[in-house]
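A.B. asks: next input, structure requested:
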Amino acid sequence: MDWQPDEQGLQQVLQLLKDSQSPNTATQRIVQDKLKQLNQFPDFNNYLIFVLTRLKSEDEPTRSLSGLILKNNVKAHYQSFPPPVADFIKQECLNNIGDASSLIRATIGILITTIASKGELQMWPELLPQLCNLLNSEDYNTCEGAFGALQKICEDSSELLDSDALNRPLNIMIPKFLQFFKHCSPKIRSHAIACVNQFIMDRAQALMDNIDTFIEHLFALAVDDDPEVRKNVCRALVMLLEVRIDRLIPHMHSIIQYMLQRTQDHDENVALEACEFWLTLAEQPICKEVLASHLVQLIPILVNGMKYSEIDIILLKGDVEEDEAVPDSEQDIKPRFHKSRTVTLPHEAERPDGSEDAEDDDDDDALSDWNLRKCSAAALDVLANVFREELLPHLLPLLKGLLFHPEWVVKESGILVLGAIAEGCMQGMVPYLPELIPHLIQCLSDKKALVRSIACWTLSRYAHWVVSQPPDMHLKPLMTELLKRILDGNKRVQEAACSAFATLEEEACTELVPYLSYILDTLVFAFGKYQHKNLLILYDAIGTLADSVGHHLNQPEYIQKLMPPLIQKWNELKDEDKDLFPLLECLSSVATALQSGFLPYCEPVYQRCVTLVQKTLAQAMMYNQHPEQYEAPDKDFMIVALDLLSGLAEGLGGHVEQLVARSNVMTLLFQCMQDSMPEVRQSSFALLGDLTKACFIHVKPCIAEFMPILGTNLNPEFISVCNNATWAIGEICMQMGAEMQPYVQMVLNNLVEIINRPNTPKTLLENTGRLTSSSAIPAITIGRLGYVCPQEVAPMLQQFIRPWCTSLRNIRDNEEKDSAFRGICMMIGVNPGGVVQDFIFFCDAVASWVSPKDDLRDMFYKILHGFKDQVGEENWQQFSEQFPPLLKERLAAFYGV
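C.D. replies: Numbers count the residues shown, from 1 in each chain. Take a look at the predicted model:
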């Protein structure tokens, strides 16, 4: 006999379901407590499934809600359901998957996949065969319900379905799904494609075996009347482009023609899926050859997709021009993640390549959902990077019409187009920029806020060019107008202007020094004007300004302007307020730039950072001991505080000594260096290095405890942690001198292993590009170890000399490089045989110096001439024949060899 509910119990459950639909928060609280009570009774879940599947007299929302509460229970504690309850629920689901209501079918489908993903696919062997069987039902509801459930299972458990654990059910399921591509109901056709689509990216074998049938069936559905079907067809083709392009190439011409039509589909969801095709195609090596002849059609379509739709404008409140007095709602503010401090070394004048921030900093954050406008702009951006100048003949004629169009929506899209192609088409755009940039600067004062904000973004994309021109030409007018926009009455414009100004600061660096007073007046004025969200961006603009102009900021009048509002904010914020993150980051940059100018402010800032670290460590300890009683701390507080302490140590140098003396920072650092979270360790090693440089007197007593921890963190899997630990060891060497000797063996083997990792180039001639500094930091530290303990390190010379030389040839002359090369020279003195086989690499590394100090140049001279005398004139001639011409010239000119 089936389980039957008790009438009184059933009424109680129904009342609860009714109450839980009430908007009243007090009622909601009572409902939550009641749920907790009822969950003590195992057969409460039977009541819930009963209401969902059998109680047809109740309204659908109540029945569906009963199913969703049951789903949450399954998620939370299915393992503790008694077997009869679990079996009753499973049986009810399968018996009622064909309910007349589509809402109830969908709810049962969600319930089935939730049970399946609780490890029950193995324990419910009849589930997949029964669902597949139900697909053959003549009854539409049963077929649709079963397909809906299968689609959810395919989404949630795609890997498991393609594994031996279940005896590979896909071998039966995929051919079965393919039969339904021709079904008369669009809903079922759509389910069928969606199910198969789940297995494309993982290249499921069963799908690969049927790939040609799949593609044929997709082509047959290309012009389906149903938008959902067309959307799934487009999605399938986009994924196949990534994993089975070989199968699409023969049909590429027609696929491109099809996608051109679909990108203009009157259903925006279809158009968006189709537009993804161009983004994916741009990443394929064949993009250029297959797409070149279609650009003439594609470019106008993408450009047209970049206009705001009417609904976008409503959502963006595009007709609200002034909203600066309206406070932000908390959900407007995206969570910020702090990037931990990483030690890097200066390369050959590198400029940051703007690719990663390209479309991300685009305009319409309020629509952070991906939409056709963003996708079209992103596609144009990547295609500009593929086709470069070849894109312009198709674009320029359009651009003229757009940029000067009387309708603001059209003009706005033209400015977005100009920004999207900035990176890829920069060379080809240069001739037009002297005329375009002034036009864009004019657009900064357009009467429509959305035009002003996009003009900020686009101008930031051309900041590099602006800065390369004489400052009075464009930099000064651009800066003046951007600063006005920072004080705009519209919040979106403020935000765009602040971000654009930060980009301009990075590009212009010290070019901004003459205007500092004016810039600071504006930024400080914005402090009093901005709502919450934009304040966070303002901190970033101030921090970037400090990074860009450095010590030029250390003038009494600038400090007077900047510090009072920052310190006021600092005092307003509580220790647990996440707004401290951007403020601490900003202060870290300011402290580093102001150096001694920060002294009057350093004590309270230093104390608070130490307190933040201490609080977080204490909270973490309580949580580790009693996880059920305490919450896990947000360790970002500690990371940001450690980074600001680094900024103080770097900016104040020796002045930080008294602060360190009066605090327990070394004890805290010892704990942070052993934290389980890599980012905490990364920031602690950066601080250790900075304190070593600033006040070694307090670090030295801890060296015996610290060195083993540094040694165990030389693990390249956590590359930033490893780099910072390596850098700190190098700084400690320089302070310890010969006393470093007991610790050399603790770290040397790991460093040699890291420097020999395969990412370092093998031959001299291949290595024309730049290397990441990740191989340069170990090289510098090995050099420094050898400088203070040559006897200990020199015997291993042969094991690291080649990668050592190749990773330091790209580093600019600086102190770190100087000490490392002195070390290598001393090691060659101890073990000249260790360098013989790779001497050409040493010669090349020596030639990378522009102006070594005199005594270092003498060391180089002696080694080069010593080697030449050792091998004799004739052998040296043969040897130097292998040198690239430039190297030959430099060595002859500088060292006479």
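
A.B. asks: quick one, domains of this structure?
C.D. replies: 1-119, 554-690, 776-895 (the TED database).

A.B. asks: quick one: closest of those to L295.
C.D. replies: Shortest distance between L295 and the domains of the chain, using CB to CB, is found for domain 776-895: 37.5 Å. Quick note: C-beta positions are derived from backbone N, CA and C, even for glycine.

A.B. asks: the closest one: how far from the chain's middle?
C.D. replies: With CA atoms, centre = their mean, to the nearest Å as the basis, the distance from the averaged C-alpha position of domain 776-895 to the chain average is 39 Å.

A.B. asks: cool, stretch 182-200 as well?
C.D. replies: For stretch 182-200, the distance from its own C-alpha centre to the chain's C-alpha centre is 33 Å (CA atoms, centre = their mean).

A.B. asks: over to stretch 55-69?
C.D. replies: Distance of stretch 55-69 from its chain centroid, counting by CA atoms, centre = their mean, is 42 Å.

A.B. asks: who's in contact with it?
C.D. replies: Under the contact criterion CB atoms under 8 Å, 6 or more residues apart in numbering, stretch 55-69 has outside partners 13-14, 17-18, 20-21, 35, 48-49, 51-52, 101, 103-104, 107-108, 110-111.

A.B. asks: ok, now with 10 Å
C.D. replies: Contacts of stretch 55-69 with the rest of the structure, by CB atoms under 10 Å, 6 or more residues apart in numbering, involve 5, 10, 13-14, 16-18, 20-21, 31, 35, 38-39, 44-45, 47-54, 93, 99-104, 106-111, 114.

A.B. asks: ok, now stretch 881-895?
C.D. replies: Counting contacts by CB under 10 Å, 6+ apart, the residues outside stretch 881-895 that touch it are 764-765, 768, 840, 843-844, 846-852, 857, 860-865, 868, 880, 897.

A.B. asks: what about these, which are in helices?
C.D. replies: Among the contacts of stretch 881-895, the members found in helices (DSSP state H) are 840, 843-844, 846-847, 857, 860-865, 868, 880.

A.B. asks: tell me which element G730 is part of?
C.D. replies: Secondary structure from DSSP states H and E places G730 in helix 719-736.

A.B. asks: following element in sequence after that helix, please.
C.D. replies: Using DSSP H and E, the helix or strand that follows helix 719-736 in sequence is helix 744-755.

A.B. asks: would you map the helices across the stretch 451-600 of the chain?
C.D. replies: In chain order, the stretch 451-600 of the chain shows helices spanning 463-468, 475-486, 491-508, 516-529, 532-549, 556-572, 580-594, 599-625, with DSSP state H, counting those that start in this stretch as the criterion.

A.B. asks: now render the ones you listed as CSV, adding mean neighbour count.
C.D. replies: Formatted as CSV, the entries for the helices of the stretch 451-600 of the chain read as follows, by neighbours: other CB atoms under 10 Å:
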stretch, mean neighbour count
helix 463-468, 19
helix 475-486, 20
helix 491-508, 25
helix 516-529, 16
helix 532-549, 22
helix 556-572, 15
helix 580-594, 25
helix 599-625, 17
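
A.B. asks: which residues does stretch 18-35 contact?
C.D. replies: For stretch 18-35, the surrounding residues in contact (CB under 10 Å, 6+ apart) are 12-13, 15-17, 44, 58-59, 61-62, 65-66, 69, 72-73.

A.B. asks: and the buried ones among the ones in helices among the contacts of stretch 881-895, selectable in PyMOL?
C.D. replies: The following PyMOL selection, which keeps only the buried ones among those, applies the criterion 16 or more other CB atoms under 10 Å:
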select buried, resi 840+843+844+846+847+860+863+864+868+880
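
A.B. asks: mind listing the helices for the stretch 151-300 of the chain?
C.D. replies: With DSSP H, counting those that start in this stretch applied, the stretch 151-300 of the chain shows helices at 158-161, 170-179, 186-197, 205-209, 211-220, 227-243, 245-248, 252-262, 268-282, 287-291, 295-305, listed in chain order.

A.B. asks: low pLDDT regions in the protein?
C.D. replies: Counting by pLDDT under 70, the chain contains low-confidence ranges at 1, 120, 330-339, 341, 343-368, 759-774.

A.B. asks: what do you get if the cut-off is 50, keeping everything else the same?
C.D. replies: 347-367, 760-773 (pLDDT under 50).

A.B. asks: now stretch 673-693: buried residues?
C.D. replies: Of all the residues in stretch 673-693, those buried under the rule 16+ other CB under 10 Å are 673, 675, 677-693.

A.B. asks: I'd like the ones in helices among the contacts of stretch 881-895 as JSON lines, with distance to N810 appended.
C.D. replies: What follows is the ones in helices among the contacts of stretch 881-895, written out as JSON lines (distance: CB to CB, whole Å):
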{"residue": "I840", "distance to N810": "17"}
{"residue": "C843", "distance to N810": "16"}
{"residue": "D844", "distance to N810": "11"}
{"residue": "V846", "distance to N810": "14"}
{"residue": "A847", "distance to N810": "12"}
{"residue": "R857", "distance to N810": "20"}
{"residue": "F860", "distance to N810": "18"}
{"residue": "Y861", "distance to N810": "23"}
{"residue": "K862", "distance to N810": "25"}
{"residue": "I863", "distance to N810": "21"}
{"residue": "L864", "distance to N810": "21"}
{"residue": "H865", "distance to N810": "26"}
{"residue": "K868", "distance to N810": "26"}
{"residue": "S880", "distance to N810": "22"}
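
A.B. asks: need the buried ones from the contacts of stretch 55-69 selected in PyMOL.
C.D. replies: Applying 16+ other CB under 10 Å to these, the buried members can be selected in PyMOL as follows:
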select buried, resi 5+13+14+16+17+20+31+38+44+45+47+48+49+50+51+52+53+93+99+104+106+107+108+109+110+111+114
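
A.B. asks: so which of the contacts of stretch 55-69 belong to strands?
C.D. replies: With strands defined by DSSP state E, no entry of these lies inside them.

A.B. asks: which one, of the helices of the stretch 451-600 of the chain, ends up nearest to G834?
C.D. replies: Set against G834 and scored by CB to CB, those come closest in helix 580-594, at 39.4 Å.

A.B. asks: that closest one packs against which elements?
C.D. replies: Helix 580-594 is packed against helix 532-549, helix 556-572, helix 599-625, helix 636-652, with contacts defined by 3 or more CB pairs under 10 Å, 6 or more residues apart in numbering; DSSP states H and E.

A.B. asks: list the contacts for the residue nearest to Q629 when sequence neighbours are not counted?
C.D. replies: Among residues not flanking Q629 along the chain, M622 sits closest, at 7.7 Å (CB to CB, 6 or more residues apart in numbering). Taking CB under 10 Å, 6+ apart as the criterion, M622 is in contact with Q629, Y630, E631, A632, P633.

A.B. asks: filter the residues you listed down to just the buried residues.
C.D. replies: Buried positions within those, assessed by neighbour count (16+ other CB under 10 Å), are P633.

A.B. asks: quick one: which of the contacts of M622 is nearest to L599?
C.D. replies: Where these are concerned, and distances follow CB to CB, L599 has its nearest neighbour in P633, at 31.3 Å.

A.B. asks: where's the closest one, which helix or strand?
C.D. replies: Assigned by DSSP H and E, P633 falls outside every helix and strand.

A.B. asks: not counting its neighbours along the chain, what's nearest it?
C.D. replies: Spatially, and ignoring its direct neighbours in sequence, P633 is nearest to Q619 (3.8 Å; CB to CB, 6+ apart).

A.B. asks: equivalent analysis for L94, please.
C.D. replies: When the adjacent residues along the chain are set aside, L94 lies closest to Q130, with 5.6 Å between them (CB to CB, 6+ apart).

A.B. asks: what does K307 give?
C.D. replies: Once its chain neighbours are removed from consideration, K307 has its nearest residue in S413; the separation is 4.3 Å (CB to CB, 6+ apart).

A.B. asks: neighbours of the one you found, how many?
C.D. replies: Here the count is done by other CB atoms under 10 Å, and S413 has 24 residues near it.

A.B. asks: one more: A661?
C.D. replies: The number of residues packed around A661, counting by other CB under 10 Å, is 11.

A.B. asks: what does S163 give?
C.D. replies: The burial metric for S163, expressed as a neighbour count using other CB under 10 Å, is 15.

A.B. asks: cool, thanks, signing off.
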